[in-house]
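Chemist: got a sequence here, can you build the structure:
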Amino acid sequence: MSFLLMEAGGLPCYCSPLLAAFPEVVHGFFGRGGGVSPEPYHSLNLSFAVGDQRRQVVRNRTLVQQALGLTALASATQVHGCQQALVTAAPAAPEEIQDADILISGQPGLGLLIKQADCQAVMLYDPVRRVVANIHAGWRGQVQNILAEAINSLQNTWGCRPEDLVAAIGPSLGPCCAEFRNFRQEFPPELWSYQVRPTYFDLWALSRDQLLAAGLKAPQIDIAGICTRCRGDRFFSYRRDRHTGRQGAVIGLRGD
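Modeler: Just a heads-up that it's a prediction; the model follows:
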């Protein structure tokens, strides 16, 4: 199902039609536009770790929070692992949760922020248990099957059933640009089948199949199908620019 390009509080963002069907959920896959940071972070950079001034990043995060009508945003220092954090309150900016790539919350009004510049942000929602998750899924996380780790955590901690979950895979590196010249060292052989032409991989299909293997239903998986490296007008891309900002994807439950 195609993502919708919308404006939230004046900020352009993409929305998943599957997630948008739940009025209790607020979410947005933001691009680079609408913020206050100068080049090379222009303009909605949401990362403290790329060289941008902290006050500008704080302002950009405030714009996102206000655009979505949330009371707080929580983020983590992302390390391309499978560590998770159950979030009940956001640390005061510019502090972040340490070393986590899976954020989970059932707290109304609290947004979970994943930062990316080619990696996938994968959102999960359980409408039965009323819990959301946001996952930083780079290729290293995919090799570790971080999506299955997140779903296992939702099952064990919240009693979620995979068949109830709705997933949205945001704008990220597409099969047009996901080149891995050293894939034999980087990917296990069972993932080589995702090669669409020599040294190029379909990481969107990989995430979809990992979600299906974890028990999600195919109609409940949304893929943006938008390549961040191709769309320099809308997105930061590490592959394209190296020294650049990070856009953000945010999901949360509406406040009471």
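Chemist: which neighbouring elements make contact with the helix or strand hosting Ala205?
Modeler: Assignment of secondary structure by DSSP states H and E places Ala205 within helix 203-213. Here helix 203-213 touches strand 120-126, helix 139-143, helix 146-158, strand 166-169, strand 221-223, going by 3 or more CB pairs under 8 Å, 6 or more residues apart in numbering; DSSP states H and E. Just so you know, the C-beta spots here come from the backbone N, C-alpha and C atoms, and that holds for glycine as well.
Chemist: now do it against strand 120-126, angle only.
Modeler: Using axes from the mean of the first three to the mean of the last three CA atoms, to 10 degrees, one finds that helix 203-213 and strand 120-126 are set 30 degrees apart in direction.
Chemist: got a list of what the residue sitting nearest the centre point of the chain touches?
Modeler: Central residue check for the chain by CA atoms, centre = their mean: the C-alpha nearest the mean position is that of Ala121, 1.7 Å away. With contacts defined as CB atoms under 8 Å, 6 or more residues apart in numbering, Ala121 is in contact with Phe29, Ile114, Asn134, Ile135, His136, Ala137, Ile169, Gly170, Ser172, Gly248, Ala249.
Chemist: got the contact list for stretch 134-142?
Modeler: With CB under 8 Å, 6+ apart as the test, stretch 134-142 has contacts from 78, 80-82, 101-103, 112-116, 118-124, 146-147, 150, 178, 180, 186-187, 191, 201, 203, 206-207, 210, 249-251.
Chemist: can you select the buried ones from those residues in ChimeraX?
Modeler: Filtering the contacts of stretch 134-142 down to the buried ones (16 or more other CB atoms under 10 Å) takes a single ChimeraX command:
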select :78,80,81,82,101,102,103,112,113,114,115,116,118,119,120,121,122,123,124,146,147,150,178,187,191,201,203,206,207,210,249,250,251
